[in-house]
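Chemist: Sequence plus predicted model, see below.
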Amino acid sequence: MDSQLEEWMTAFHFFLTFTHSGLAGADAAGDPEREGVLDAVKAAICANINLFMEMNEEEFAKDLPRFAQAVCNLLLQVSNRPGQDNLAMSAIRFLTTVARSVYSKLFADPNVLKQICESIILPNLRVRDEDEEVFDMNPIEYIRRDIEGGDSDTRRRAAADLVKALTDAFETEVTAMFTGYVTALLQEHAADPVNGWRAKDCAVYLVMAVTVKGKTGERGATTTNRLVNISDFFTQQVLPELQNPQVNERPILKADALKFVTTFRSQLPSETLLALLQPITALLGSEHVVVHSYAATAIERFLALKENGRSKLAVSDVLKVAQQLLTGLFAAFRHADSAENEYLMRAIMRLISFLGAEMAPVAPMCLKALRDMLVEVCKNPKSPGFNHYLFESVAALIKHGVAADRSQLATFEATLFPAFDIVLANDVQEFHPYVFQILAQLIELSNPPLSAPYMAVFPPLLTPVFWERPGSVPALTRLLVAYLAKAGVGIAADGHLEAVLGVFQKLIASKANDQHGFALISGIMQHLPAAAYQQYLSTVWQLLFTRLQTSKTPRFTRGFVVFVSLAICKLGVAAVSSTMDAVQPKIMLMILQQVWVPSLSLVDGPDEDKLVAVAATKCLTESPDIFANRPLWEQLRAALDAKLKGRKVAF
């Protein structure tokens, strides 16, 4: 093994340090985007030794110094050509792995650290012409790379990771060194603010790389480098960029500033976050997609931020600028290339949810704007994220607007129904689940009897084609249950109950959808009089017993236990036993003994626990057959006792 390893390492080192003027010249003169043959080989070698370093650190130790030196020398020769990005990233990742290992001492020499910082990290952190082009020409890709974690394959991300690794290993030395570089970069920018913006961009990126030691998507930076004064840098360098009234000037620096406050939002006082809302709202007016998208993201993250389980910002404080926020967010959709900007729509959704009932006065106006957007995107849906947040915004408006003022329900219905008609008439399938959920939401808030438009929608919902689309099943189930709750008697009287039971039969036979089948049959039992469905119960039990026998799963068993409990509570033990006996005499005792009682421990949730506890109590006290079967009675009593005590019991 050692001889083979030495043979491989010798070959790797040879090709890693190999140069060929002809190949290098051809690569330099050719397409700058194309990766050269020799660069590809060296990138593959860097990837291999990086993997070997991660998995076989001890075996690699004797070869590590020469490879670390070779990789450093290689990076000194790498240019800014996009064709060498893969090589640069692979080489920097190897150095990062070394810096995170017990062999980080290889970089302990101040001269080595200085060379790495000045000749490797800083050149790869600087924004390039190609990055600026992506910022202007492909802003969504820029955003994906920069704030959504899609930058794992960029030089900047690789260099930033190396900064973090070195900071962790040599915090005092590296922080002091980078503080000096940041000062120099800011001085370079101050000497020529118009042309020196790239230096400040690099400084901001470097400060974030050095400072952030731990972060989460929910809170941003959670732990920071104690040697960096975030507050001073924010006040002196970041805040002026945000407050600059020229919203279209130096857009990349404005994007950097927005990213900075979004990253460090949990470190900034709530008073500072509130004060930032006004200049950030102004930046929604920037013509640059990245800038107004980052502004929307900052607003959304500020509002979502929690501290000790409560929102860091108070509703009463945000309410003072809510009108400005809404106006700015809706106006930003008029920018070129932002008609379906998901970051703007997510911010609107968050603002609606954050303000809650306080949205009621402006809810109809917002709903109309959202309705108009929905009608427009129906023509050509192309942004799933935007569409999702659009419907979530509508649902949040209904939840908070109608809940606060039920008189607005008719206005909401009149506003939304024409748009929903377009979705259903044009069969915009990706919108069907959203429309069904919102219809269910509106019906749940309605008082019976339901109006004619609602009832006209009901019969088509039972057609098989809707239920063959998996994404629509949960929403359709909720919608049917809402109809049963508000118009169940009329549905049964109009002869639709058999069709609903047909849907139940289809759902309960599917392992993927059986939970929705139980929701539907439970809705029938909860909201309809027993006389309406009594004649079908034997068939229902037959379907459930067949599924129980042929393809039982833990989830199905749990649903079965809960439904049997509901039936016992609604109809009584004797009535349930009678309908089960129509399938097979005395089958209820067998079901209780072999399935229901042993599976009580599968049920969890406060409502479900109460249901099974009441059902078990009724079985123990109301059924002569169960009382006569002493082993079953004792088994059931022990299971109920365990359930009430919150522990499981073996049978």
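Modeler: Sure thing, it's come through.
Chemist: who are the neighbours in contact with residue 291?
Modeler: Taking C-beta atoms under 8 Å, 6 or more residues apart in numbering as the contact definition, residue 291 lies against 247, 251, 254, 255, 258, 283. Heads up, the C-betas are built off the backbone N, CA and C, glycines and all.
Chemist: Please report the number of neighbouring residues for the last one.
Modeler: Counted with other C-beta atoms under 10 Å, the neighbours of residue 283 add up to 28.
Chemist: Correct me if wrong: it contacts residue 295.
Modeler: Yes - if you go by C-beta atoms under 8 Å, residue 283 and residue 295 touch, sitting 4.1 Å apart.
Chemist: what is in contact with these two at once?
Modeler: If you check residue 283 and residue 295 against C-beta under 8 Å, 6+ apart, the residues they both contact are residue 258.
Chemist: any weak-confidence spans in the stretch 1-150 of the chain?
Modeler: For the stretch 1-150 of the chain, applying pLDDT under 70 flags the ranges 1-3, 22-31, 148-150.
Chemist: Is residue 359 in a helix, a strand, or coil?
Modeler: With DSSP: H, G, I helix; E, B strand; the rest coil as the basis, the three-state label of residue 359 is helix.
Chemist: again with residue 223
Modeler: Three states are possible here, and by three-state DSSP the one that applies to residue 223 is strand.
Chemist: show me where the stretch 401-550 of the chain has helices.
Modeler: 403-404, 409-425, 432-445, 452-457, 464-467, 473-493, 497-508, 514-527, 530-533, 537-550 (DSSP state H, counting those that start in this stretch).
Chemist: Check the offset of the last one from the chain's centre.
Modeler: By that I understand helix 537-550. If you compare the mean C-alpha spot of helix 537-550 with that of the full chain, they lie 38 Å apart, counting by C-alpha atoms, centre = their mean, to the nearest Å.
Chemist: One more: the third one?
Modeler: Between the centre of helix 432-445 and the centre of its host chain there is 22 Å, according to C-alpha atoms, centre = their mean.
Chemist: Who are the packing partners of that helix?
Modeler: The criterion is 3 or more C-beta pairs under 8 Å, 6 or more residues apart in numbering; DSSP states H and E, and the helices and strands that helix 432-445 contacts are helix 384-397, helix 409-425, helix 452-457, helix 473-493.
Chemist: show me where the stretch 51-200 of the chain has helices.
Modeler: With DSSP H, counting those that start in this stretch as the definition, the stretch 51-200 of the chain shows helices at residue ranges 57-60, 64-77, 85-100, 110-116, 122-125, 129-137, 139-146, 155-169, 171-191, 197-211.
Chemist: lowest confidence element among the helices and strands of the chain?
Modeler: When the helices and strands of the chain are compared on mean pLDDT, DSSP states H and E, helix 21-29 comes out lowest with a mean of 63.
Chemist: name the element residue 297 belongs to?
Modeler: Using DSSP states H and E, residue 297 falls within helix 289-304.
Chemist: Only the C-alpha atoms, please, for that helix, written as PDB.
Modeler: Once side chains and other backbone atoms are set aside, the C-alpha atoms of helix 289-304 remain, and they are given as PDB (Å, rounded to 0.1, in the frame of the first residue of the first chain):
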ATOM      1  CA  VAL A 289     -32.800  43.900 -10.000                       C
ATOM      2  CA  VAL A 290     -30.200  42.800  -7.400                       C
ATOM      3  CA  VAL A 291     -30.500  45.900  -5.300                       C
ATOM      4  CA  HIS A 292     -34.300  46.000  -5.000                       C
ATOM      5  CA  SER A 293     -34.300  42.200  -4.500                       C
ATOM      6  CA  TYR A 294     -31.800  42.500  -1.700                       C
ATOM      7  CA  ALA A 295     -33.800  45.300  -0.200                       C
ATOM      8  CA  ALA A 296     -36.900  43.100  -0.200                       C
ATOM      9  CA  THR A 297     -34.900  40.300   1.300                       C
ATOM     10  CA  ALA A 298     -33.600  42.500   4.100                       C
ATOM     11  CA  ILE A 299     -37.200  43.600   4.900                       C
ATOM     12  CA  GLU A 300     -38.400  40.100   4.900                       C
ATOM     13  CA  ARG A 301     -35.600  38.800   7.100                       C
ATOM     14  CA  PHE A 302     -36.000  41.700   9.600                       C
ATOM     15  CA  LEU A 303     -39.700  40.900  10.000                       C
ATOM     16  CA  ALA A 304     -39.000  37.200  10.400                       C
END
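Chemist: Before I go, just wanted to say thanks for your time.
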